[in-house]
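**Student:** My questions are about this predicted structure, shown below with the sequence.
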Amino acid sequence: MAGDRQQEIPSEAGAPRRRVLAAAALAPMLLGAAAAPARALPFGAAGADSSGLVKPVHTDLSDWRGVARALGRTGDMKRKVMYHTGLPRRDLLVVSRGVVVKPALALGSHVSFVRYADGSTLLMGDVVVTEEELQDFIDVLHEHRIEQTAIHKHLLSQTPDIWWVHVHAHSHHPVALARGLRAAFDRTGTPPALPSMPEQPVDLDTRGIDAALGVKGSVDDDGIYKCIFVRRETITDGHLVLPPGLGSTSAFNFQALGGGRAAVSGDCAMIAKEVKDVLVALRGAGAALVELHNHGLTDKPHLFFTHFWAVGDGVRLARALRPAVDATNVVPAAG
């Protein structure tokens, strides 16, 4: 009996010890989980609809004051759900195929924040960096748990060498995300914000361009004429519903070169089955193809984008580019 009790005692005493050892083994995993970027609530969580999708909610500028302070510049609201901040690279003199590129044509870094019904915030943006800035910029993003979903080009044969980085993060702490962005931008020459300038006249037949493309364009501060389309489908990123225009637009930007001529820097948003027809249409229009890539990793339907470049008479280019628009399931963007 005594021998039996001696066998039992170590077994009972060993249980707490085993629990301690198990806890010690789990500790690194628990620490890793704590260090992971904050994520939105899973499917079926508060804020999700019956399909498990979480929708964006309306916000106003007052909801983003902390983000504005952290970024060091103010933004504006788009479609009542996106807090958008532009950071054009006005510090760079970029030339592509003999054209001096205005910042609003192809050098307009921008980031957008969207609040969701579960209280989380999605950050998405496209940032212009020089090749010398690229690696340090990315390293700082990594330190702040901000992902990159694309690293690509918008222009051909540009000097200096420029890259575009799509940034993405999902968190319950938008100000922390903004601080991370600011730290990364501080590794670049991105200049301070400038006051908005009055709308500049555009030396282009904008009515003719509108009629040719089937859209009402608008003039940017730099005098760039922009024609924007959005996908008809509802686009999701994981279980988040993306508002129209967030990472899913087709954009045709016209920079006047005089005498009705324009340089066009464009980007078409496509699903897989549309890619071939769009590329064929762009080449048929005489446009040079720059890049075929994605903006997101978990979007559904999964979208592809192609950047292109063309120079010529603005209206004739718009007419020639219309088949590329018609080959995709898009509508003109609302104001």
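**Tutor:** Looks like it came in fine.

**Student:** From here on, just use CA atoms for contacts and neighbour counts.
**Tutor:** Noted.

**Student:** Now find how far off-centre stretch 239-256 is within its chain.
**Tutor:** Relative to its parent chain, stretch 239-256 has a centroid offset of 9 Å by C-alpha atoms, centre = their mean, to the nearest Å.

**Student:** For that stretch, measure first residue to last.
**Tutor:** For stretch 239-256, the first-to-last residue distance is 41 Å (C-alpha to C-alpha, to the nearest Å).

**Student:** before we move on, what about stretch 255-262?
**Tutor:** 5 Å.

**Student:** quick check: mean pLDDT across that stretch?
**Tutor:** Throughout stretch 255-262, pLDDT has a mean value of 97.

**Student:** Which residue ranges make up the domains of this protein?
**Tutor:** Domain assignment for the chain by automatic domain parsing gives 1-36, 38-195, 199-335.

**Student:** What ranges does the stretch 151-300 of the chain have for its helices?
**Tutor:** Under the criterion DSSP state H, counting those that start in this stretch, the stretch 151-300 of the chain contains helices at 174-185, 206-213, 275-284.

**Student:** Return the most buried member of those helices.
**Tutor:** Compared across the helices of the stretch 151-300 of the chain, helix 174-185 shows the largest average neighbour count, a mean of 20 (mean count of other C-alpha atoms under 10 Å).

**Student:** Quick one: distance of that one to the chain centre.
**Tutor:** That offset, for helix 174-185, works out to 15 Å (C-alpha atoms, centre = their mean).

**Student:** what does it contact?
**Tutor:** 66-68, 70-72, 113, 121, 123, 136-138, 140-141, 143-144, 146, 169, 171 (C-alpha atoms under 8 Å, 6 or more residues apart in numbering).

**Student:** List the ones among those residues that fall in helices.
**Tutor:** 66-68, 70-71, 136-138, 140-141, 143 (DSSP state H).

**Student:** Which among those residues count as buried?
**Tutor:** 67-68, 70-71, 137-138, 140-141 (16 or more other C-alpha atoms under 10 Å).

**Student:** rewinding a little: so for Pro198, which of the helices of the stretch 151-300 of the chain sits nearest?
**Tutor:** Closest approach to Pro198 among the helices of the stretch 151-300 of the chain (C-alpha to C-alpha): helix 206-213, 17.8 Å.

**Student:** Next, Arg187: phi, psi?
**Tutor:** Dihedral angles of Arg187 (phi, psi; degrees, to the nearest 10) stand at phi -90, psi 0.

**Student:** which residue packs closest to it, ignoring adjacent ones?
**Tutor:** Phe137 (5.9 Å; C-alpha to C-alpha, 6 or more residues apart in numbering).
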